[in-house]
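1. Next comes the sequence, and after it the predicted model I'd like to discuss.
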Amino acid sequence: MQLTEYLPVLLLGLIAAGFAIGTLIASVVLGRWANRKIQARTKPIKNIPYECGMLPTGEGNTRLSVKFYLVAMLFILFDIEVVFLYPWAVVYKEMLATHAGLIFGGMLSFLGVLFIGYIYAIKKNAFDWKTS
């Protein structure tokens, strides 16, 4: 292979990196400029994070239990596993004529492993993040 074939990919990577760095630099420069203009004409009370009439107290965000993140990861896992059903559905009709048992058995084994993982998660109470 010649290296000239990779030139468009390298050029695209450089443009993407340049755009990202340029956007970050522009936001810092414009943010400082705009902040000086705004602070010159506003009262200090306006610079607090909330203008609802109450002073902010306490933490900004509460800590969530690890179980909450476990449920989120399990959802993503089972959601992504469903994506593997699409290629099977696309080739199902073609393979049904030649290899009916192979394609059906393969999907049953895939769904069996997925179902065993689901039952395991239920037995471990992984889907209930309210309990300790």
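-> Cool, the structure landed. Numbering: from 1, shown residues only.
2. can you tell me which helix or strand the residue most central in space within the chain belongs to?
-> By Cα atoms, centre = their mean, the mean C-alpha position of the chain lies nearest to Ile76, the distance being 9.1 Å. Using DSSP states H and E, Ile76 maps to helix 66-83.
3. now that helix, how far from the chain's geometric center?
-> Distance of helix 66-83 from its chain centroid, counting by Cα atoms, centre = their mean, to the nearest Å, is 11 Å.
4. and it, which residues are buried?
-> Buried residues in helix 66-83, counted by 16 or more other Cβ atoms under 10 Å: 67, 70-71. To be clear about C-beta, it is placed using only N, CA and C from the backbone, and glycine gets the same treatment.
5. for stretch 107-116, same thing?
-> Buried, per 16+ other Cβ under 10 Å, within stretch 107-116: Leu114.
6. I'd like to know how far the residue nearest to the centre of the chain sits from Ile21.
-> Distance from Ile76 to Ile21, counting by Cβ to Cβ, to the nearest Å: 31 Å.
7. All set now, cheers.
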